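K.L.:
have a look; sequence and predicted model below, questions after that.
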Amino acid sequence: TACKTDKKTKLFTDEKEQTIPEKIAYAHGFKNWKKVKEIQFSFNVDRDTFHFERKWIWNTQKSQVTRIVKKDTITYSRSNLDSLTTKVNGGFINDKFWLLAPYNLIWDSKNYTFNHALNTEAPISKKVGQKLTIIYGNKGGYTPGDAYDFYFGEDYIIKEWVFRKGNQEEASMITTWEDYSKENGLQISTMHKKGEGDFKLYFTDIKVSTK
């Protein structure tokens with residue numbers, strides 16, 4: 001009996017403890033990402049009277065992306081970019097990051113450093129919770145050196161975030177994370193608003209196809 005207990009104890013202590021970024025990613029359904037073969041979504045921005053929209057279809061198995069803006073459609077492979085598709089892919093990376101930022105905490109884990117703080121006040125709601133700050137390295141990617149502050153509670157679901165360009169102290173943008181929708185196991189925030197109320201970024205036409 002003692003030997004069995006020792007073995008169980010050893011197995012338990014050898015289990016890898018999840019990092020805070022991993023806990024956030026999994027709280028948003030990251031374990032279900034491996035089942036996804038295609039995801040479609042429309043990225044929308046409303047600022048005062050201005051409206052912008054573009055639709056994406058991402059075949060994750062083939063790493064193929066289609067962008068649709070009004071009557072203009074372009075399909076490309078992310079593994080074979082030219083000067084035109086590199087620019088288009090920059091827009092895709094931006095929009096996908098807004099949609100799936102919790103998953104990028106795992107996908108980009110080798111490209112950033114992070115720190116975690118408790119009892120931190122969120123900038124818009126003023127609610128006290130936790131904060132994760134990630135700072136990207138100065139080389140590679142579309143926005144090297146940028147920083148993001150994620151605000152969340154005990155459930156690890158993001159409620160607000162702050163983008164700080166080049167890791168500057170002042171915020172470049174602050175928005176909410178709200179109106180979560182469960183799409184084939186993925187927890188996706190479909191609405192992001194500024195505290196001033198003159199801006200909202202949101203997603204429509206979300207469709208997640210699985211294997």
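P.N.:
Nice, thanks for sending it over.
K.L.:
give the contact list for the residue sitting nearest the centre point of the chain.
P.N.:
When C-alpha atoms, centre = their mean is applied to the chain, the residue found nearest the centroid is residue 101 (0.7 Å). Residue 101 is in contact with 148, 150, 158, 161, counting by C-beta atoms under 8 Å, 6 or more residues apart in numbering. For the C-beta atoms, the positions are set from N, CA and C on the backbone; glycine is no exception.
K.L.:
what about stretch 107-126, distance to the chain center?
P.N.:
13 Å (C-alpha atoms, centre = their mean, to the nearest Å).
K.L.:
okay, residue 139: pLDDT?
P.N.:
pLDDT for residue 139: 78.
K.L.:
what does residue 48 give?
P.N.:
For residue 48, pLDDT reads 89.
K.L.:
report the buried residues of the longest helix anywhere in the chain.
P.N.:
As assigned by DSSP state H, the longest helix anywhere in the chain is helix 83-107. Buried residues in helix 83-107, counted by 16 or more other C-beta atoms under 10 Å: 85, 88-89, 91-92, 95-105.
K.L.:
of those residues, which is the nearest to residue 31?
P.N.:
residue 103 (10.6 Å; C-beta to C-beta).
K.L.:
in contact with the closest one, which residues?
P.N.:
By C-beta under 8 Å, 6+ apart, the neighbours of residue 103 are 25, 28, 30, 33.
K.L.:
which of those are buried, as a PyMOL select command?
P.N.:
Burial among those is assessed by 16+ other C-beta under 10 Å; the matching PyMOL selection reads:
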select buried, resi 25+28+30+33
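K.L.:
including pLDDT and secondary structure, could the contacts of residue 103 go into JSON lines?
P.N.:
JSON lines is the format used below for the contacts of residue 103 (pLDDT from 0 to 100; DSSP: H, G, I helix; E, B strand; the rest coil):
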{"residue": "25", "pLDDT": "98", "secondary structure": "helix"}
{"residue": "28", "pLDDT": "98", "secondary structure": "coil"}
{"residue": "30", "pLDDT": "98", "secondary structure": "helix"}
{"residue": "33", "pLDDT": "97", "secondary structure": "helix"}
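K.L.:
which one of the contacts of residue 103 is nearest residue 118?
P.N.:
Closest approach between the contacts of residue 103 and residue 118, by C-beta to C-beta: residue 25, at 19.4 Å.
K.L.:
from residue 119, how far off is the closest one?
P.N.:
Separation of residue 25 from residue 119 (C-beta to C-beta, to the nearest Å) stands at 23 Å.
K.L.:
kindly report the same for residue 103.
P.N.:
In terms of C-beta to C-beta, residue 103 sits 27 Å off from residue 119.
K.L.:
what's the answer for residue 205, then?
P.N.:
For residue 205, the distance to residue 119 - C-beta to C-beta - is 39 Å.
K.L.:
looking at those two, which is more packed in?
P.N.:
residue 205 (12 against 8; other C-beta atoms under 10 Å).
K.L.:
contacts only, for that one.
P.N.:
Counting by C-beta under 8 Å, 6+ apart, residue 205 has contacts 40-42, 55.
K.L.:
could I get the residues you listed as CSV with secondary structure?
P.N.:
Output for those, formatted as CSV (DSSP: H, G, I helix; E, B strand; the rest coil):
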residue, secondary structure
40, strand
41, strand
42, strand
55, strand
